[in-house]
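Peer 1: Give me the fold of what follows.
(chains A and B)
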Amino acid sequence: MNSLGKKQLSDGVAYAILLIFALFFVLPVFVMLNTSLKALSDAQNSTMWSFPAQLSLAGFIRAFEKLGSGLLNSLFLTVPATILSSLIGSINGYCLSKWKFKGSNWLFTMVLFGMFIPYQSILIPLVNFMQKVGLYNSLGSLIAVHVIYGIPITTLIFRNYYATIPDELVEAGRIDGAGIVSIYWRIFLPISLPSFVVVAIWQFTNIWNEFLFAVTLTSSPETQPVTVALQNLSGSMISQWDTQMAGAIIASAPCLLIYVLLGKYFVGGMLAGSVKG
Amino acid sequence: MKRSGKERWLSFLIFAPSVAAVFIFVYGFIGWSAFISLTDWRGLIPSYEIVGLKQYASLMAHPRFQRDMINTGVFTLIFLAGNLFFGLVLAALLDRRLRGTNFFRNLFMFPMAVSFVVSGTVWVWIFNPNSGLNAVFQLFGFDSGKWGWITDPKMAMYCVAMAAIWQMAGFTMAQYLAGMKGVSDDIREAARIDGAGEVQVFRHIILPQLWPVTVGAIVVLSHISLKIFDLIFVMTQGGPARATDMPGIFMFETTFRGDFFARGAAIGIVMLIMAALLIIPYLVYSRRMDA
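Peer 2: Numbers count the residues shown, from 1 in each chain, chains lettered A, B, ... in the order given. Coordinates of the predicted model:
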């Protein structure tokens, strides 16, 4: 066989393997979409793999009824927590890379350790604490928790980013008589957009999808985020597969949308934050 | 860069609140957990009577905890093997830069954007013995009605591991792809001119350079598996017959369902120690690689 023929053959094999994997990856998506569009009578075990006999949005409507407040809770919790933790990470990273002080590297290492802990090791004191300060079962407690435990990763990403920016920018600002805060505000903040996008996507996705804090710090539907609401829906509507699958789509839609629109930034955060707790 | 006087102070003052928050919420709470784990607190009213290492001793002797540790080991092995194998194969295929590579890469990575709660909800139905895969096998003429999948204590662990692999294989692939990009085209070309085939180039040129990536992926994935909670909680709650029970599930149930706070704290501390044994050597190792 000549080498061109050989290349075509091996390309063909490569595509075949990729397609098999692609099937594996779309399998749950197919099940979700297909079932969510069925009528309840059609969304049964026996008809799991057949296409909808007729399209129905009843599952989506029921799922929205069950998940509506959870969606709003997730939104009201995720957006402020994402903005706050991005801003804190940015100013921290700026100070740690451009205004080092005695012991700053050591303190940073100590802070960084916070992203490696399994949260089970702080969970009981955390719940006690939130009960004592009256924040238990409120969105405020979840916002605080995500901002605080987000400090290590957001600071790390911004610190690494600012380390690539030449110190001469700081010098130029100082010659103009600017101090630490105004140099940040006028020079560094405007050029930080790429990092803000990476950090914001990373934080948004993680906070939106988070479950352990959500299920231990909230106890009523008025405050439960959508992940907990979906888990409750699955527990209470056993065998109502159309509603469950529609609920799964609704709960994951915001993050999937972000992934589709801003996928390349998503990867940046993923590689940086891969050992987060 | 070092600065003088006032600005150095300002820099410290800006960072200080974050340091304070982390010291309280991480170190302080770990300390508090460790303290609780030394007491006999059970029930809703805290009890701070010190009983030493009794909780740890009783955990080590507890059949459920022993089972959890074995389960964690088994799950980690399946999860690691599946991720490393899928990740490496997919990365090697995509590294050939065939047409459509971007599409496949995005497809393999989108599960990272989905929560374990969502994927668990779907996978648990796929592994339902009354529908799911049994129905697929029947289409192909296999009599598979007797397979219990997620309800079979022997198979359930593979089912939850498969869902977890689905979720994380794209991540492993991305790590390997980044590592492969670091292998220069010149070296590959030189090997080809010397008569090496593509498989040989991969085995002898690319693969040996991927060790740091593999070690990094093993650490990250093991870290995920030793603290795993959401996926198991949604899919099996640790069942059937504790076949998929993990320390994260035990900790949650014993603390928040059973009010055994001291025991829950002890499990949390054991999980922390396991994570530290994994992460600290890796950080030392990667710092040495950087230097």
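
Peer 1: the strands in the stretch 51-200 of chain B, which residues?
Peer 2: Secondary structure of the stretch 51-200 of chain B by DSSP state E, counting those that start in this stretch: no strands are present.

Peer 1: Could you pull out the helices in it for me?
Peer 2: Listed in chain order, the helices of the stretch 51-200 of chain B (DSSP state H, counting those that start in this stretch) span B:54-61, B:63-94, B:101-109, B:116-126, B:132-139, B:156-181, B:185-193, B:198-200.

Peer 1: chain center to the lowest-mean-pLDDT helix or strand in chain B: distance?
Peer 2: For chain B, counting by mean pLDDT, DSSP states H and E, helix B:132-139 ranks last in confidence among helices and strands (a mean of 74). Taking the mean of its C-alpha atoms, helix B:132-139 sits 30 Å from the chain's own mean (C-alpha atoms, centre = their mean, to the nearest Å).

Peer 1: Then stretch A:152-163?
Peer 2: On the basis of C-alpha atoms, centre = their mean, stretch A:152-163 is displaced by 17 Å from the centre of the chain it belongs to.

Peer 1: hey, C-alpha coordinates of the helix or strand hosting A:Val181 in PDB?
Peer 2: Element membership for A:Val181 (DSSP states H and E) is helix A:180-183. Written as PDB, here are the backbone C-alpha positions of helix A:180-183 (Å, rounded to 0.1, in the frame of the first residue of the first chain):
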ATOM      1  CA  ILE A 180      -1.300  51.800  44.400                       C
ATOM      2  CA  VAL A 181      -5.100  52.200  44.200                       C
ATOM      3  CA  SER A 182      -5.200  54.700  41.300                       C
ATOM      4  CA  ILE A 183      -2.700  52.700  39.300                       C
END
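
Peer 1: Once you drop chain neighbours, what's closest to the residue nearest the centre of chain A?
Peer 2: Taking C-alpha atoms, centre = their mean, the centroid of chain A lies closest to A:Thr205, which sits 1.3 Å from it. In this structure, A:Thr205 finds its nearest non-sequential neighbour in A:Cys255, 5.0 Å apart by C-beta to C-beta, 6 or more residues apart in numbering or on different chains. Every residue, glycine included, has its C-beta placed from N, CA and C.

Peer 1: So the one you found, which state does it fall into?
Peer 2: Three states are possible here, and by DSSP: H, G, I helix; E, B strand; the rest coil the one that applies to A:Cys255 is helix.

Peer 1: Hmm, it is touching A:Ile207, no?
Peer 2: No: under the contact definition of C-beta atoms under 8 Å, A:Cys255 does not touch A:Ile207, with a separation of 10.1 Å.

Peer 1: Who has more neighbours out of those two?
Peer 2: The neighbour comparison of A:Cys255 against A:Ile207 (other C-beta atoms under 10 Å in any protein chain shown) goes to A:Ile207, with 26 against 23.

Peer 1: can you give me the mean pLDDT across the helix or strand that contains the more buried one?
Peer 2: When elements are defined using DSSP H and E, A:Ile207 is found to belong to helix A:193-209. Per-residue pLDDT over helix A:193-209 has a mean of 93.

Peer 1: ok, then the element right after that helix?
Peer 2: Remark: after helix A:193-209, the chain's next helix or strand is helix A:212-217, criterion DSSP H and E.

Peer 1: Next one: that following helix, is it in contact with chain B?
Peer 2: Yes: between helix A:212-217 and chain B, judged by C-beta under 8 Å from any C-beta of the partner chain, the touching residues are A:Leu212, A:Val215, A:Thr216.

Peer 1: Any chance you could list what contacts that helix?
Peer 2: A:119-120, A:123, A:126-127, A:130, A:136-137, A:141-142, A:145-146, A:224-225, A:227-228, A:231, B:229-230, B:248, B:252, B:256 (C-beta atoms under 8 Å, 6 or more residues apart in numbering or on different chains).

Peer 1: and if we set it to 7 Å?
Peer 2: By C-beta atoms under 7 Å, 6 or more residues apart in numbering or on different chains, the residues outside helix A:212-217 that reach it are A:119, A:123, A:127, A:130, A:136, A:141-142, A:145, A:224-225, A:227-228, B:229-230, B:256.

Peer 1: How much space separates the residue nearest to the centre of chain A from B:Gly43?
Peer 2: With distances taken as C-beta to C-beta, to the nearest Å, A:Thr205 is found 38 Å from B:Gly43.

Peer 1: got it, and B:Phe104?
Peer 2: Looking at B:Phe104 against B:Gly43, where the rule is C-beta to C-beta, the gap reads 54 Å.

Peer 1: cool, and A:Pro254?
Peer 2: With distances defined as C-beta to C-beta, the gap from A:Pro254 to B:Gly43 amounts to 40 Å.

Peer 1: Below-threshold pLDDT in chain A: ranges please.
Peer 2: Counting by pLDDT under 70, the low-confidence segments of chain A come to A:1-6, A:268-277.

Peer 1: repeat that with 50
Peer 2: For chain A, residues meeting the criterion pLDDT under 50 lie at A:1, A:275-277.

Peer 1: do the same with the stretch 1-150 of chain B
Peer 2: Low-confidence regions of the stretch 1-150 of chain B, defined here as pLDDT under 50, cover residues B:1-2.

Peer 1: switch to 90 and redo it
Peer 2: B:1-8, B:43-49, B:95-102, B:125, B:128-150 (pLDDT under 90).

Peer 1: and if you look at the stretch 151-291 of chain B?
Peer 2: Scanning the stretch 151-291 of chain B for pLDDT under 90 picks out the ranges B:151-152, B:178-209, B:211-212, B:216, B:239, B:280-291.

Peer 1: Quick check: B:Val74 touching B:Val160?
Peer 2: No: no contact is recorded between B:Val74 and B:Val160 when judged using C-beta atoms under 7 Å, the distance being 10.7 Å.

Peer 1: biggest helix in chain A by residues?
Peer 2: Scanning chain A for the helix with the most residues, using DSSP state H, yields helix A:58-98.

Peer 1: and it, does that touch chain B?
Peer 2: Yes: interface with chain B: helix A:58-98 contributes A:Ile88, A:Ile91, A:Asn92, A:Cys95, A:Leu96, A:Lys98 (C-beta under 7 Å from any C-beta of the partner chain).

Peer 1: Closest one of the residues you listed to A:Glu65?
Peer 2: When those are compared for distance to A:Glu65, the smallest value, 36.8 Å, is given by A:Ile88; criterion: C-beta to C-beta.

Peer 1: How many neighbouring residues does that closest one have?
Peer 2: For A:Ile88, the number of neighbouring residues by other C-beta under 10 Å comes to 22.

Peer 1: Look up how far chain A lies from the closest residue in space to B:Pro247 that isn't next to it in sequence.
Peer 2: The spatial neighbour of B:Pro247 that comes closest, neighbours along the chain excluded (C-beta to C-beta, 6+ apart), is B:Asp68 at 4.9 Å. Distance check for B:Asp68 against chain A: by C-beta to the nearest C-beta, to the nearest Å, it reads 12 Å.

Peer 1: residue contacts, B:Asp68?
Peer 2: Neighbours of B:Asp68 in contact, by C-beta under 7 Å, 6+ apart: B:Asp245, B:Met246, B:Pro247, B:Phe250.

Peer 1: Residue 58 - how many residues pack around it?
Peer 2: Just going to use chain A. By other C-beta under 10 Å, the burial measure for A:Ala58, its neighbour count, is 16.

Peer 1: you looked at the wrong chain, it should be chain B
Peer 2: Around B:Ser58 sit 13 other residues, with neighbours defined as other C-beta under 10 Å.

Peer 1: so who does the residue nearest to it when sequence neighbours are not counted touch?
Peer 2: Excluding the flanking residues, the one nearest B:Ser58 by C-beta to C-beta, 6+ apart is B:Arg263, at 7.5 Å. The contact partners of B:Arg263, taken as C-beta under 7 Å, 6+ apart, are B:Gln55, B:Leu59, B:Thr254.

Peer 1: got a winner among these for most neighbours?
Peer 2: The most neighbours, when the contacts of B:Arg263 are compared by other C-beta under 10 Å, belong to B:Gln55, which has 27 neighbours.
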